[in-house]
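>>> pasting the sequence and the predicted coordinates here, then a few questions.
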Amino acid sequence: MGRALIVVDVQNDFCEGGSVPVAGGALVAVKSRDLVGRAAEAGYQYVVATRDHHIDPGDHFSDTPNFKTSWPVHCVAGTQGSDFHPDFLPAVHAGALDAVFYKGAYEAAYSGFEGADEGGTGLTAWLREHGVTTVDVVGIATDHCVKATALDARTVNLRSWRHRAEPASDQGPWRKTPSP
């Protein structure tokens, strides 16, 4: 019965200065990096991350986005905007991630469970292969991709928690919210 941390979309385009910035995104990058650095101490056997990785996602991109199903161009594969945020990179360079799952190449994808690693293994299969039964989900943005990933974890019978980056004095730096 393993436990994994899923870090969702801590990428340049979702942080301040990016094409679809989320207020506080850089702070989430720092807090995510710090949590990954304490993964073993926090009880995680595995740490994985997701990345938006758009090649040609069709009508997911729009010059007149509605910010629900269409968005400005973001996280295009091979661009700086699709890279992990510099404040998260120390965790990546330290080899702290067991796998990275890329999503949204040719269509909109919000959940990390819609992605696959470089070998083509989906997140569900990877977690099952590693005996994971519980996941905690952190990252950017809690109202879109983090939420979708936490909810999808429940649909594949994983116990999941979605974390918010706001400080909570009674629960440490991350506030846990059970996913419905």
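Yes, it's here.
>>> what's the distance between stretch 101-110 and the middle of its chain?
The gap between where stretch 101-110 is centred and where its chain is centred comes out at 12 Å by C-alpha atoms, centre = their mean, to the nearest Å.
>>> next one: stretch 152-165
12 Å.
>>> where does this structure dip in pLDDT?
Residues of the chain that meet the criterion pLDDT under 70 lie in 162-180.
>>> can you rerun that using 50?
Using pLDDT under 50 as the threshold, the predicted model of the chain has low-confidence ranges 165-180.
>>> check which residues of the longest helix along the chain are buried.
Ordering each helix of the chain by length in residues (DSSP state H) puts helix 25-37 first. For helix 25-37, burial by neighbour count (16 or more other C-beta atoms under 10 Å) applies to 25-26, 28-29, 31-33, 35-36. Using the backbone N, CA and C atoms, a C-beta is placed for each residue, glycine as well.
>>> buried sites along stretch 4-17?
Residues of stretch 4-17 classed as buried: 4-15 (neighbour count, 16+ other C-beta under 10 Å).
>>> brain fart, stretch 42-55
Neighbour counts over stretch 42-55 (16+ other C-beta under 10 Å) mark 44-54 as buried.
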